[in-house]
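J.: here is my input; please provide its structure:
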Amino acid sequence: QVQLVESGGGLVQPGGSLRLSCAASGFSLDDYAIGWFRQAPGKAREGVSVIMNSQRYKHYADSVKGRFTISRDNAKNTVYLQITSAKPEDTAVYSCAASKYVGSSSWFLSSLYDDWGQGTQVTVSS
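T.: Here you go, the predicted structure:
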């Protein structure tokens with residue numbers, strides 16, 4: 001059974017850091033691209049970042065470039081999203097998702113992801 005479980009969310013002050021984890025079970029990350037998405041109240045889901053199965057290619061939304069870093073540890077079957085210089089507008093539920101179909105020009109399309117985690121809340125506030 002394919003399962004993705006996010007953790008690491010919480011309250012962080014503006015300018016602070018947080019690391020989110022996405023633990024996969026039931027499949028190997030070697031075969032999938034893993035994306036991070038977020039959704040704030042009243043807003044559409046937004047693609048934040050993706051790491052391809054080859055690990056060579058990573059993509060970021062313009063709104064998080066230079067502040068977020070995606071990485072994966074295949075031995076632990078886990079993908080991480082390091083958030084630094086957090087801003088109040090980063091407040092959202094963050095979810096990870098797995099896909100065999102996304103490419104560099106389509107990674108942000110949530111419809112191309114088959115399996116999703118339940119999400120973890122990130123709140124940036126003083």
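
J.: show me the contacts for the closest residue to Val64 other than its chain neighbours.
T.: The shortest distance from Val64 to any non-neighbouring residue, by CB to CB, 6 or more residues apart in numbering, is to Val48 (5.7 Å). Backbone N, C-alpha and C define where each C-beta goes, glycine included. By CB atoms under 8 Å, 6 or more residues apart in numbering, Val48 lies in contact with 35-38, 60-61, 64, 68, 81, 94.

J.: ok, and the most crowded of the residues you listed?
T.: Gly35 (29 neighbours; other CB atoms under 10 Å).

J.: isn't that residue right next to Tyr113, touching?
T.: Yes. Contact between Gly35 and Tyr113 holds when scored by CB atoms under 8 Å: they sit 6.1 Å apart.

J.: what do these two both touch?
T.: 97-99, 102.

J.: ok, so of those, who is nearest Glu89?
T.: Taking CB to CB as the measure, Glu89 lies nearest Ala97 of those, at 21.4 Å.

J.: what helix or strand is the closest one on?
T.: Secondary structure from DSSP states H and E places Ala97 in strand 92-99.

J.: quick one: strands adjacent to that strand?
T.: strand 33-39 (antiparallel), strand 115-116 (antiparallel), strand 120-124 (antiparallel) (DSSP bridges).

J.: just how off-centre is it within its chain?
T.: Put simply, strand 92-99 sits 5 Å off its chain's centre (CA atoms, centre = their mean, to the nearest Å).

J.: stretch 18-38 now?
T.: 7 Å.

J.: residues of it that come out buried?
T.: 18, 20-24, 27, 29, 32-38 (16 or more other CB atoms under 10 Å).

J.: next one: stretch 37-55
T.: Buried residues in stretch 37-55 (16+ other CB under 10 Å): 37-38, 46-53.
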